[in-house]
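**Student:** Based on what follows, work out the 3D shape:
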Amino acid sequence: MGSEQKFAEAMQELEEIVRKLEQGDVQLEEAIDLYKKGMELSHFCHEKLQNAEKQLISIVNENGEKQNFEPTNGVDNN
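**Tutor:** Below is the predicted model:
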């Protein structure tokens with residue numbers, strides 16, 4: 001639960017940084033600092049999403065055996 005909260009906070013902070021940079025009313029030094037912080041937040045969020053994806057890729061079937069997650073299973077491709 002803690003990591004979910006950190007992810008949400010990081011996304012909110014990243015959105016605020018993007019908003020400030022888009023407005024263009026910040027000094028150059030502040031813009032550079034905001035950009036660096038934004039890149040760090042973006043990297044953090046990307047890693048969190050990759051970790052969540054890895055957890056979803058391996059699922060346990062009804063026999064308790066791990067198998068690869070296939071997103072197309074159960075989908076009728078007619």
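
**Student:** List the buried residues of the top helix by length along the chain.
**Tutor:** Longest helix in the chain by number of residues, with DSSP state H as the criterion: helix 28-57. Under the neighbour-count criterion of 16 or more other CB atoms under 10 Å, helix 28-57 has 34, 38, 41, 44-45, 48 buried. For every residue, glycine as well, the C-beta is placed using N, CA and C.

**Student:** And those residues, which is closest to Leu14?
**Tutor:** Leu41 (4.3 Å; CB to CB).

**Student:** The residue nearest to the closest one when sequence neighbours are not counted sits in which helix or strand?
**Tutor:** Excluding the flanking residues, the one nearest Leu41 by CB to CB, 6 or more residues apart in numbering is Leu14, at 4.3 Å. In this structure, Leu14 sits in helix 2-23 according to DSSP states H and E.

**Student:** Pull the residues that contact that helix.
**Tutor:** 26, 31, 34-35, 37-38, 41-42, 44-45, 48 (CB atoms under 8 Å, 6 or more residues apart in numbering).

**Student:** how does it look with 10 Å?
**Tutor:** For helix 2-23, contacts defined as CB atoms under 10 Å, 6 or more residues apart in numbering pick out 26, 30-31, 33-45, 47-49, 51-52.

**Student:** Then stretch 37-47?
**Tutor:** Against stretch 37-47 from outside (CB under 10 Å, 6+ apart): 6-18, 20-21.

**Student:** any idea which of those is closest to Ile57?
**Tutor:** Looking across these and measuring by CB to CB, the closest to Ile57 is Phe7, at 18.7 Å.

**Student:** Do you know the pLDDT at Glu53?
**Tutor:** Note on Glu53: pLDDT of 81.

**Student:** Run through the chain and note the low-pLDDT ranges.
**Tutor:** Low-confidence segments of the chain (pLDDT under 70): 1-3, 58-78.
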